[in-house]
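*Asks:* give me coordinates for this.
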Amino acid sequence: MITLLVHISNAEPVKVDVDELPKPSDQALIGKNPREKGDKEIIWLEDGVQTVVFPLWRVTFIEVLPSETEDTEFPLPFRND
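*Replies:* Just a heads-up that it's a prediction; the model follows:
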């Protein structure tokens with residue numbers, strides 16, 4: 001599963017899980033397990049909703065989040081002497 005942070009026009013970002021990244025020819029993004037950025041329940045969705053469909057014309061941009069198994073190292077912005 002790939003976790004995406006979807007930024008929707010005039011709304012807070014939504015975190016969803018997808019099987020594969022959307023293609024340039026896609027018209028909509030289908031995501032599972034929708035939640036807020038902080039992994040809380042989304043208040044504007046009905047209880048029990050597990051799959052959402054966002055038309056891509058409403059999506060500003062999408063962030064691909066690293067999985068727990070990926071070991072990402074970023075250079076520190078300060079020296080650690």
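
*Asks:* so what strands line up beside the longest strand seen in the chain?
*Replies:* If you go by DSSP state E, the chain has its longest strand at strand 28-36. Sheet pairing of strand 28-36 (DSSP bridges) gives strand 14-18 (antiparallel), strand 51-55 (antiparallel).

*Asks:* which parts of the very next helix or strand once past the last one are buried?
*Replies:* For strand 51-55, the following helix or strand on the C-terminal side (DSSP states H and E) is strand 59-65. Residues of strand 59-65 classed as buried under the neighbour-count rule (16 or more other C-beta atoms under 10 Å) are 59, 62. In short, each C-beta sits where N, CA and C put it, glycine included.

*Asks:* need the contact partners of strand 59-65.
*Replies:* 2-9, 13, 15, 21-22, 29 (C-beta atoms under 8 Å, 6 or more residues apart in numbering).

*Asks:* if you set the cut-off to 6 Å instead, what comes out?
*Replies:* 3-7, 9 (C-beta atoms under 6 Å, 6 or more residues apart in numbering).

*Asks:* export those residues to CSV and tack on secondary structure, neighbour count and distance to Arg58?
*Replies:* Shown next, in CSV, are the contacts of strand 59-65 (DSSP: H, G, I helix; E, B strand; the rest coil; neighbours: other C-beta atoms under 10 Å; distance: C-beta to C-beta, whole Å):
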residue, secondary structure, neighbour count, distance to Arg58
Thr3, strand, 17, 20
Leu4, strand, 20, 14
Leu5, strand, 14, 15
Val6, strand, 23, 9
His7, strand, 16, 10
Ser9, coil, 8, 5
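
*Asks:* with the residues you listed in mind, which one is nearest to Pro34?
*Replies:* Ranking the contacts of strand 59-65 by separation from Pro34, with C-beta to C-beta as the measure, puts Val6 on top at 8.9 Å.

*Asks:* ok, what's across the strand from the closest one?
*Replies:* Val14, Ile62.

*Asks:* my guess is it contacts Lys15. True?
*Replies:* No: Val6 is beyond contact range of Lys15, at 7.6 Å (criterion: C-beta atoms under 6 Å).
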